[in-house]
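Engineer: how would this look folded up:
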Amino acid sequence: MSRAVEITVIGSGLGGLMAAALLAKRGFSVAVFERSDHFGGAASTYRRAGLTIEASLHETEDPRVPGDPNRRHLAELGVLDDLPLVDVPALYEVRGGPVGDPFTLPHSFEAAREAIASRFPAAARGADKVLGEMAGIARAMETAGSGAGTAGRIASLPRMTRDLWPIVKGWNATLSDVFGRTLDGNEDAKFALGANLPYYDDNPAQLWWPFFAVAQSGYLAHGGKYISGGSQTLTDRLVDAIRANGGTVHAGRPVTEIRIGDDGRARGIVHTAADGSDSTEAPAAVVLANAAPTVVAGMLPAEARSRFIDGYRGRALSISLFSAHFGLSRRPAELGVSSYSTVLLPDWIRRFDNMADCAGLLGAEPAEALPALVMVDYSAIEAGHSSEPPHLVSVVGVDRLSNWDGLEPSAYDARRDAWIEAIETAIDSRFPGFAAAITSRQMATASTLSRALNAPGGALYGFAPVPPETPIWKGYPRSPDTPVPGLLLASAYAGSGGFTGALAAGGSAAERVTRNPTGSR
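Structural biologist: Model prediction:
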């Protein structure tokens, strides 16, 4: 395990695995070191109380469409056509708050237009503008992905210029800015179009509009997908690809140091057994870090640490989430749950911008005000889940690590238990019989995620997707490059965040190394 390799990868989340798999496929010698006893990070599943629980991902965009940033790389690895994807029937259903009675947002732009115009006629014109901008962005992404070679990209430029105008116009805009100019006075329609806000962020007044538009248009244009067996399936395929091409993947081997040469370049890593014994050096020409920049900084020697972290100062972290998981003796459909994904809005939420007030609620015992809840019924797709009880329902919402910091273990357990009870009661009030059908329940908080994923602040999606301060011609400030030569990021922090962004960041890191095997910028 101490032999020199060309590439060492710290961490086995999707970004690290994507980079390692591509580089192994391209003939590099690659070794991945994971501190945990399993691979995948947030992209994993686990069994508890008879339930197969998804650690993070519930739904993803279709990676097979031409505009998806990961399509080419997954195809190169032979994973794309072999990935078992299950269609999710509709984007979501939203109930309560300004929306009131259940409203379902279907897939496809035309169906979404018709549904909103029928239910919210006063907002039809504004919603049409929002959806029109999203559809243009979706077309541009497909055009950019489908051009074959230089000639194809040149031929696509007129269409890209037309379709990318919404991004150019809204380059520094927030979601609140766009909803404000198109849907002012129509809070119900804002929720109809953006009730799945916790997929991205919790504050519409800070969420970068093009980020939301690109992601949401992907779901609307091509439908949501669930990976049968959960995101662990993709993790396992990437691990298999690494090993099939001569790479190695080691669990239970935390990296404690990144070695820096006299020339200031990364020269390899030091890894140990889980208990800190068996310290072993692994020299390498390039080090890829599938981790948060602050975590990477802690592995660097003092003389390189400040230089490294200066490149990331001032960047806000993404939101964190809580997740409550319930095993039911009855199918949720028997209790009135009609959608795979249901957003439950409490009565106190009257405006879309109120969503920013949800995360702080978990900083105290449950009171009258509960946060917005996103409920996922896995029995609605039965992808990798048993058709027999217990039937899994997962409920997620926005959380903050600061809500749980400083609590004694007994106080932490008491507040967590109080919250899972409050969530159970809230769902039972919407779907009578839910509480009586529960056979098992558990809850993970932002604190749980922070410990399990080594995620500063419990951040689940990397850096927060806030509007850039730079002009559009400089692009969005995310890159695998770091201030330390030979050290690249291959995590969500180097991309657009989340599942798709982590994979894309890993792909970008692999491209950098393929072009320049020394990892120089």
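Engineer: how near is the residue nearest to L335 when sequence neighbours are not counted to A289?
Structural biologist: Counting by C-beta to C-beta, 6 or more residues apart in numbering, the nearest residue to L335 once its immediate chain neighbours are dropped is F431, at 4.5 Å. Heads up, the C-betas are built off the backbone N, CA and C, glycines and all. Distance, F431 to A289, using C-beta to C-beta, to the nearest Å: 44 Å.
Engineer: Equivalent analysis for N203, please.
Structural biologist: From N203 across to A289, the span is 28 Å (C-beta to C-beta).
Engineer: Give me the phi and psi angles of the residue nearest to L335.
Structural biologist: Here is the backbone geometry of F431 (degrees, to the nearest 10): phi -130, psi 80.
Engineer: And F431 and A289? Which one has more around it.
Structural biologist: Legend: neighbour count by other C-beta atoms under 10 Å for F431 and A289, higher for A289 (31 against 21).
Engineer: And the more buried one, how far from A266?
Structural biologist: A289 is 9 Å from A266, by C-beta to C-beta.
Engineer: Now do the shared contacts for these two.
Structural biologist: Common contacts of A289 and A266, defined by C-beta atoms under 8 Å, 6 or more residues apart in numbering, comprise I258, L487.
Engineer: check contacts around the nearest residue to A459 once chain neighbours are set aside.
Structural biologist: Once flanking residues are discounted, A459 sits nearest to L317: 3.9 Å by C-beta to C-beta, 6+ apart. When the contact criterion is C-beta under 8 Å, 6+ apart, the partners of L317 are P456, G457, A459, G462, F463, A464.
Engineer: if we can go back for a sec, my guess is the residue nearest to L335 contacts S339, does it?
Structural biologist: No - with contact defined as C-beta atoms under 8 Å, F431 does not reach S339; the gap is 11.8 Å.
Engineer: Let me know the average pLDDT across stretch 244-261.
Structural biologist: For stretch 244-261, mean pLDDT is 97.
Engineer: Same question for stretch 268-286.
Structural biologist: The average of the pLDDT scores along stretch 268-286 is 96.
Engineer: ok, residues contacting it?
Structural biologist: By C-beta under 8 Å, 6+ apart, the surrounding residues in contact with stretch 268-286 are 1-8, 10, 31, 33, 35, 37, 250, 252-259, 266-267, 287, 299, 486-488, 513, 517-519.
Engineer: Out of those residues, which sit inside helices?
Structural biologist: Counted as lying in helices by DSSP state H, out of those, are V513.
Engineer: Which secondary structure element of the chain has the lowest mean pLDDT?
Structural biologist: Lowest by mean pLDDT, DSSP states H and E among the helices and strands of the chain is helix 149-163, with a mean of 49.
Engineer: ok, then the element right after that one?
Structural biologist: Downstream of helix 149-163, the first helix or strand assigned by DSSP states H and E is helix 165-169.
Engineer: now the chain, which segments are flagged as low pLDDT?
Structural biologist: Low-confidence segments of the chain (pLDDT under 70): 1-4, 56-58, 67, 141-163, 382-386, 519-521.
Engineer: domain parsing for it?
Structural biologist: Here the domain assignment for the chain is 5-82+231-315+467-515, 109-186+195-216, 320-458, based on automatic domain parsing.
Engineer: okay, those, which one's buried deepest?
Structural biologist: With neighbours defined as mean count of other C-beta atoms under 10 Å, the domains of the chain peak in mean count at domain 5-82+231-315+467-515, which reaches a mean of 20.
Engineer: Tell me where the stretch 51-200 of the chain has helices.
Structural biologist: Per DSSP state H, counting those that start in this stretch, the stretch 51-200 of the chain carries helices over the ranges 71-76, 109-119, 124-146, 149-163, 165-169, 175-183, 187-194.
Engineer: which secondary structure elements does the longest one contact?
Structural biologist: Packed against helix 124-146 by the contact rule (3 or more C-beta pairs under 8 Å, 6 or more residues apart in numbering; DSSP states H and E) you find helix 109-119, helix 149-163, helix 165-169, helix 175-183, helix 187-194, helix 209-222.
Engineer: Contacts for the first one, please.
Structural biologist: With C-beta under 8 Å, 6+ apart as the test, helix 109-119 has contacts from 103-106, 123-124, 127-128, 131, 134-135, 138, 189, 192-193, 220-221.
Engineer: mind saving the C-alpha coords of it as PDB?
Structural biologist: Output of helix 109-119 as PDB, limited to C-alpha atoms (Å, rounded to 0.1, in the frame of the first residue of the first chain):
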ATOM      1  CA  PHE A 109     -42.600  22.600 -19.600                       C
ATOM      2  CA  GLU A 110     -45.900  22.500 -21.400                       C
ATOM      3  CA  ALA A 111     -47.600  20.400 -18.800                       C
ATOM      4  CA  ALA A 112     -46.300  22.700 -16.100                       C
ATOM      5  CA  ARG A 113     -47.600  25.800 -17.900                       C
ATOM      6  CA  GLU A 114     -51.000  24.200 -18.200                       C
ATOM      7  CA  ALA A 115     -51.200  23.100 -14.600                       C
ATOM      8  CA  ILE A 116     -50.200  26.500 -13.300                       C
ATOM      9  CA  ALA A 117     -52.500  28.400 -15.600                       C
ATOM     10  CA  SER A 118     -55.400  26.200 -14.600                       C
ATOM     11  CA  ARG A 119     -54.900  26.400 -10.900                       C
END
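Engineer: Let me know the angle separating it from helix 187-194.
Structural biologist: 160 degrees (axes from the mean of the first three to the mean of the last three C-alpha atoms, to 10 degrees).
Engineer: Ok, the fourth one next?
Structural biologist: Counting by the same axes, to 10 degrees, helix 175-183 lies at 120 degrees to helix 187-194.
Engineer: Quick one: distance of helix 175-183 to the chain centre.
Structural biologist: On the basis of C-alpha atoms, centre = their mean, to the nearest Å, helix 175-183 sits 24 Å off its chain's mean C-alpha point.
Engineer: Mind giving me the packing neighbours of it?
Structural biologist: Here helix 175-183 touches helix 124-146, helix 187-194, helix 209-222, going by 3+ C-beta pairs under 8 Å, 6+ apart.
Engineer: repeat for the third one
Structural biologist: Secondary structure elements in contact with helix 165-169, counted by 3+ C-beta pairs under 8 Å, 6+ apart, are helix 124-146, helix 209-222.
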